[in-house]
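>>> can you look at this prediction? I've put the sequence above it.
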Amino acid sequence: MATSKSISATASASVSASGTTAFWTIWIGQLVSVLGSGITTFALAVWAFQRSGSATQFGVIAMCAVLPGLVLSPVAGPLVDRWNRRTAMLIADTGAALASAVVAALAATGRVAPWQLYLATAFTSSLASLHVPAYQAMTSVLVPKAALGKASGAVLAADALAELTAPLLGGLLLPVCGLAGIVAIDLGSFAVAVALLLAARVPPLPRPAPHTALDTRSIWRETAEAWRYIAARRGLVGLFAVSCVTSLAVGFLEVLSAPLVLSVASPGVLGAVRSFAGAGMLAGSIAMQLWGGPRARVSGVIGFQLVLGAHLVVMGFPTAPWLLAAAGFGALFAIPLVNGCAQTLWQTKVALHLQGRVFALRRLARLCRPLGFVAAGALADRVAGRWIGAGPGRASAVLLAGVGVVTIAATLALSRYRPLREVQHELPDAH
């Protein structure tokens, strides 16, 4: 006769298996969706540039694809916790599909104006402020704790694959399909994501206790509650600081890599170097998915952050394109491993009913990336360039090496912060 303990274990295993199946079902849909969105964002930027000849419009669309979603995160997080997480994802995907449909209709009639593309891109980015924390919080429910590292790697791999292939596919498809055809493909990708999201068997998600009266609080009160939750757990504050360092370093890398490579090679070589380096991010994501990261999560965060900084230093001494490509590969390989280990800690240490708003606030660390965009150009042109006087390429190299040194120093300083070092052991698992 089966004991109650064995029956409970069997039931738990069944739920875990069901949740894992649901996660992979949703993951496939999201992979298709993020690829379609990446192709569209690239195609819209190219389309606007071809018609205006303005690089500013290219940059504005790229900024519209990132900034609104980050700025609105503190507002969107409480909504994710109020609603069913699948509902939040469905609203985000459906809204993005509607935006694509409007752009497709305008393109078909030849009435597309740049401001309309800015608005549509910003609207879709705003919906990402709902989608991203909802997806992360749902993963915490669907995937067993032991497999969260691999799940984080899978999500990062989908994003890396889209980042690597979307510009290539967008460049190939735009002359063939036109803008209307590209947006139609995006609509199809949203349809796949929504269909698989509806088909997945998602267990009931935890709801706040009735006495919290979550449905009567203002959004800002709930956001403040999330801030207090993080601030009361200093190890999570340390993790947030690490994310800020990572995002700032990536912002500098993205801006400085082009003049750095062009100082020693041709534009064609620049494309090859960037593609090879970009493959590093995909490889790191796949490694995280297959491996799951080290059991000592904080050691993984600190160790791979140091690897990122070391490779940035190497990139500051450009002697050959192959060395820049190898260093870029190593730097981008480390990023998903840092993020994957950190994400697993957040998913296991934050209470399930608060994960929407806490994860939304955590996204604010990514604001350091556009800050890096702005600071990198200004420092390279006005500071490093004047001191060195050897052209933008050499100034970018010296500045990037300096960013690597700062990244290493900041990471080592954070590693001495005891609440961060002990967050995995001293902060109890929330579920």
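Here it is on my side, so go on. If you're wondering where the values come from, they're calculated on a predicted model, not measured in any experiment.
>>> which helix or strand contains residue 369?
In this structure, residue 369 is located in helix 368-378 according to DSSP states H and E.
>>> helices or strands up against that helix?
Helix 368-378 makes packing contacts with helix 234-262 when contacts are defined by 3 or more C-beta pairs under 8 Å, 6 or more residues apart in numbering; DSSP states H and E. Quick note: C-beta positions are derived from backbone N, CA and C, even for glycine.
>>> for the chain, which spans come out with low pLDDT?
1-17, 48-49, 52-59, 62, 204-217, 267, 318, 381-393, 431 (pLDDT under 70).
>>> the residue nearest to residue 150 when sequence neighbours are not counted - how many residues pack around it?
Nearest non-adjacent residue to residue 150, counting by C-beta to C-beta, 6 or more residues apart in numbering: residue 292, 4.3 Å away. A total of 19 residues lie near residue 292 under the criterion other C-beta atoms under 10 Å.
>>> my read: residue 292 touches residue 145, true?
No - counting by C-beta atoms under 8 Å, residue 145 is not a contact partner of residue 292; they are 11.0 Å apart.
>>> need the overlap of contacts for the two.
By C-beta atoms under 8 Å, 6 or more residues apart in numbering, residue 292 and residue 145 have no common neighbours.
>>> for the residue nearest to residue 150, grab phi and psi.
Note on residue 292: backbone dihedrals following degrees, to the nearest 10 are phi 90, psi 0.
>>> same check on the one 4 residues further on?
Reported as degrees, to the nearest 10, the phi and psi values for residue 296 are phi -80, psi 90.
>>> that one: neighbour count?
13.
>>> so it touches residue 422, yeah?
No - using C-beta under 8 Å, residue 296 makes no contact with residue 422, being 11.1 Å away.
>>> which stretches in the stretch 251-400 of the chain count as helices?
Secondary structure of the stretch 251-400 of the chain by DSSP state H, counting those that start in this stretch: the helices cover 267-291, 297-315, 321-349, 355-362, 368-378, 385-388, 391-415.
>>> those: which one's closest to residue 81?
Closest of these to residue 81 is helix 355-362, at 3.9 Å (criterion: C-beta to C-beta).
>>> quick revisit: what's the helix holding residue 369 in contact with?
63, 66-67, 244-245, 247-256, 399.
>>> and the residue nearest to residue 150, how far from residue 358?
According to C-beta to C-beta, to the nearest Å, residue 292 and residue 358 sit 22 Å apart.
>>> kindly report the same for residue 275.
Distance from residue 275 to residue 358, by C-beta to C-beta: 36 Å.
>>> tell me the helices in the stretch 51-200 of the chain, going along the chain?
55-64, 67-71, 73-82, 85-108, 114-142, 148-199.
>>> now tabulate these in CSV and tack on distance to residue 321.
What follows is the helices of the stretch 51-200 of the chain, written out as CSV (distance: least, C-beta to C-beta, whole Å):
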stretch, distance to residue 321
helix 55-64, 24
helix 67-71, 32
helix 73-82, 38
helix 85-108, 38
helix 114-142, 33
helix 148-199, 19
